[in-house]
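Undergrad: I'll drop the sequence and a predicted model, then ask my questions.
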Amino acid sequence: MKNKNYKVTTKLPQLPEIDEGAGSLNLFDQENPDINLFNLVDDEMIRLAGSEFMLYKYYQTDEYDEVYMESRTKPIAKDPIRVHGHYDPIAVTEELTQFGIELTNDQLFTFNKSYIERRLGRSVIPGDIIKPVFQNQKYEVFEVVEDSFEAYGVYHLVCSAKLLRDEDIIQDTPLTQVSDDIGGYAGIDD
């Protein structure tokens, strides 16, 4: 290969002197009004490459069952809020362990923090229900962790959720309509 010499016809401007101080362009300047630009780009990337979800808000109450160490009556909003986020769908697997069949399908959902807080009016909390539009499965959030790129001003909420096994029909049916005290079905005459 021969050495090639290229000629530049345009005279390039002189580069500024770089000393120990900050340069004129600094992506890590927290005082920069354009710091939100990276957050907006992140939000747009999640909308373009992510998925659409139906999020049912959980309303926290003061009722807490000391025996089960949880709130037994979990009021969930009937009307979902349509949001965008990112997740990698995984197949439902049930593994046989020494304790019986276990469902090991914890799902991770990632949201842009400023976007999801603006849509919900609050942050995602444990107890919220997430239903992907393209799947007929619902997940209950049990842990929310903030993941951040502080230098760029981008913050994510990473939600760990477990698959809900009960259908709405099962959850909304009063127990008196399901079975009677002998074990047969109430209201059905044989």
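TA: Structure's in. What do you need? Numbers count the residues shown, from 1 in each chain.

Undergrad: only C-alpha atoms for contact and neighbour calcs from this point on.
TA: Noted.

Undergrad: now stretch 74-82: buried residues?
TA: Arg82 (16 or more other CA atoms under 10 Å).

Undergrad: let me fix that: stretch 46-59
TA: So stretch 46-59, judged by 16+ other CA under 10 Å, has buried residues Ile46, Arg47, Gly50, Ser51, Glu52, Phe53, Met54, Leu55, Tyr56, Lys57, Tyr58.

Undergrad: take those and keep only those in strands.
TA: Using DSSP state E, the members of the buried residues of stretch 46-59 that fall in strands are Ser51, Glu52, Phe53, Met54, Leu55, Tyr56.

Undergrad: now the host helix or strand of Arg118: buried residues?
TA: For Arg118, the enclosing helix or strand under DSSP states H and E is helix 113-120. Taking 16+ other CA under 10 Å as the basis for neighbour counts, the residues of helix 113-120 that come out buried are Lys113, Ser114, Tyr115, Ile116.

Undergrad: how about the third one, what does it touch?
TA: Shown here is Tyr115, whose contacts under the criterion CA atoms under 8 Å, 6 or more residues apart in numbering are Asp43.

Undergrad: pLDDT at it, what is it?
TA: The predicted local distance difference test score for Tyr115 is 90.

Undergrad: swap in the one 4 residues further on?
TA: Note for Arg119: predicted pLDDT of 90.
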